[in-house]
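# Just the structure for this:
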Amino acid sequence: MAKTSDALKIIDNLTDNDPELEDLVREASLNAVVAQLIYEARTARGLTQKELADRIGTKQSAIARLEDADYEGHSLSMLQKIAGALNQRVEIKFSEIELETSGHWSAKS
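Sure, this is the predicted structure:
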C-alpha cells in the first residue's frame with residue numbers, strides 16, 4: 001500500500017471492514033462538526049464563551065464543553081438556544097446513505 005498523509009484515507013484504511021469502528025469514527029466526526037459549528041457561529045458574532053453563556057442562561061464551562069470535539073452530549077434544545085442567542089436557526093436534514101465502491105457507507109450529497 002502506498003504511503004499517504006491524507007487523514008481520511010488513513011482512517012478509511014484503519015476502519016476497513018469493521019462496521020463498529022466505522023460507526024465510532026462517524027459519531028466522533030459528527031461531534032467534531034457540531035463543536036466547530038458552535039465555535040464558528042459564536043466567534044463570527046464576536047462573542048466570548050462567557051457572553052454566549054450569559055445570553056442563554058448557562059455557564060462559560062458549558063459552552064467550552066459544547067465546543068469540545070470530544071463532547072458527546074449535544075442536545076437539540078441546547079443547539080436551539082445557542083442558535084437563537086446568535087440570531088440563527090438550527091437546520092437538520094436526513095440524507096440517503098449509499099454503499100460506495102470501496103465498500104464503505106457515506107452520506108449522499
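# so where's the chain uncertain?
Applying pLDDT under 70 to the chain picks out residues 1-2, 7-15, 17, 25, 99-109.
# Run through the strands of it in chain order.
97-99, 105-107 (DSSP state E).
# Could I get the contacting residues of the most centrally placed residue in the chain?
Centroid-nearest residue in the chain, with Cα atoms, centre = their mean: Val33, separated by 2.3 Å. Contact partners of Val33, counting by Cβ atoms under 8 Å, 6 or more residues apart in numbering, are absent. Any C-beta I mention is one placed from the backbone N, CA and C, and that applies to glycine too.
# Go again with 10 Å.
Shown in contact with Val33 (Cβ atoms under 10 Å, 6 or more residues apart in numbering): Ala69.
# do Gln36 as well
Applying Cβ under 10 Å, 6+ apart, the residues contacting Gln36 are 67, 69.
# measure it to Ser29 for me?
Gln36 sits 11 Å away from Ser29, going by Cβ to Cβ, to the nearest Å.
# And for Ala41?
Counting by Cβ to Cβ - Ala41 and Ser29 are separated by 19 Å.
# Looking at these two, which one has more neighbours?
When Ala41 and Ser29 are compared for neighbours, Ala41 comes out ahead with 17 against 13, by other Cβ atoms under 10 Å.
# so the more buried one sits right up against Ala85, yeah?
Yes. With contacts counted by Cβ atoms under 10 Å, Ala41 reaches Ala85, the gap being 9.5 Å.
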